[in-house]
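# fold the following for me, if possible:
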Amino acid sequence: MLKNLDGFPFEKIKNTINVIFKQSENTKNIKAQQGDTILSTAHKNNIDLEGACEGNLACSTCHVILSKQLYNKLDEPTDREYDLLDQAFSQTSTSRLGCQLKIDDRYTNEIIVLPSATRNFSVDGYKPKPH
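From the prediction side, this is the model:
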């Protein structure tokens, strides 16, 4: 039986997938709704993933890092996503944009790593709030 980072068994609820968000040393186990994006899942669960363009594939602030195993299971990013990832802070070979990733069974018990910072080209100290 699989256990979460706290040592408790994962429970599977209908239409949900267990995913783990990690930022620095902090982890949070989430029961994500199938079909939701990583970005919307983060916002629904008070996880600090910016998403300045509100999921419209126009920025790189929802940049996440996936395991090589998960990355290889997913479809190739579009050219537009690759272009935006080139602007992402701490880009890796398994970087993706959270607004482009819809939760399904491939994400079960996977760790979604949030970079320590984002590149948002806003001015005057503006910090967007999750939507």
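
# what about the strands in the chain?
Using DSSP state E, the strands of the chain run over residues 16-23, 26-33, 63-65, 95-97, 110-114.

# and residue 73, which of those strands is closest to it?
strand 110-114 (9.2 Å; CB to CB). C-beta: built from backbone N, CA, C; applies to glycine.

# now for that closest one, which elements pack on it?
When contacts are defined as 3 or more CB pairs under 8 Å, 6 or more residues apart in numbering; DSSP states H and E, strand 110-114 packs onto strand 16-23, strand 63-65.

# and those: which comes nearest residue 57?
strand 63-65 (12.3 Å).

# and that closest one, which residues are buried?
For strand 63-65, burial by neighbour count (16 or more other CB atoms under 10 Å) applies to 63-65.

# reformat the residues you listed as a markdown table; add distance to residue 40 and pLDDT.
Shown next, in a markdown table, are the buried residues of strand 63-65 (distance: CB to CB, whole Å; pLDDT from 0 to 100):
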| residue | distance to residue 40 | pLDDT |
| --- | --- | --- |
| 63 | 15 | 96 |
| 64 | 13 | 97 |
| 65 | 18 | 97 |
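
# need the strands of the chain in a markdown table (columns: distance to residue 84).
Formatted as a markdown table, the strands of the chain follow (distance: least, CB to CB, whole Å):
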| stretch | distance to residue 84 |
| --- | --- |
| strand 16-23 | 20 |
| strand 26-33 | 23 |
| strand 63-65 | 8 |
| strand 95-97 | 6 |
| strand 110-114 | 16 |
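
# closest to residue 79 out of the ones you listed?
strand 95-97 (12.8 Å).

# the closest one pairs with which strands, parallel or anti?
Strand 95-97 has the following sheet partners, assigned by DSSP bridges: strand 63-65 (antiparallel).
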